[in-house]
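# Got a predicted model here, sequence first, then my questions.
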Amino acid sequence: MKPPIDETETETETERLFEKNEQKKIIEKLKSEGKAIEKAQQQLNEELKKINSELSKISKNKNDSCSLEKLETRELLTKQKQELDKEKQSLNNKRMIIDKHIHNYKIILNKKKKH
């Protein structure tokens, strides 16, 4: 004959499994957010390459013909580059936060496995 099942123990185990599954879902969601950030970073890098290429084509010589137009273009491209650099840094910060959250959830999951 089997010993009687302690219902509180079964509930606790069920709760633990539920929490574990929820944490795994959170980790997967964070990973997908991280991948989206990586994709955005790649797009930013491509835009920055284009801007750098355009900037390198513009002469820095102030005595050059059409220099005012070139200087204005250079200034505009430089501002765009600065904005993209800020956005890139923001994405890097978000990515670091996501990586830290993933790390923390994995630690929690590993602790629960040991219990």
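In hand now; what should we look at?

# Counting by contacts, list what the biggest helix by length in the chain packs against.
Taking DSSP state H as the criterion, the chain has its longest helix at helix 7-57. With contacts defined as 3 or more CB pairs under 8 Å, 6 or more residues apart in numbering; DSSP states H and E, helix 7-57 has these neighbours: helix 67-114. C-beta here means a position set from N, CA and C on the backbone, and glycine is covered the same way.

# Gln43 and Ser90: what is the separation?
14 Å (CB to CB, to the nearest Å).

# any idea how far Asp99 is from Asn92?
10 Å.

# Kindly report the same for Ile27.
Taking CB to CB as the measure, Ile27 and Asp99 are separated by 11 Å.

# Could I get the contacting residues of the spatially most central residue of the chain?
Centroid check for the chain by CA atoms, centre = their mean gives Arg95 as the closest residue, at 3.0 Å. If you count contacts by CB atoms under 8 Å, 6 or more residues apart in numbering, Arg95 has them with 34, 37-38, 41.

# Could you pick out the buried ones from the residues you listed?
By neighbour count, with 16 or more other CB atoms under 10 Å, these hold 34, 37, 41 as buried.

# State the distance from the first one to Met96.
Pointing back at Gly34 there. 10 Å.

# do Ile51 as well
25 Å.

# neighbour-wise, which of the two wins?
Remark: of Ile51 and Met96, Ile51 carries more neighbours, 16 against 11, as counted by other CB atoms under 10 Å.

# Nearest residue to that one in space, please, no chain neighbours.
Lys81 (4.9 Å; CB to CB, 6 or more residues apart in numbering).
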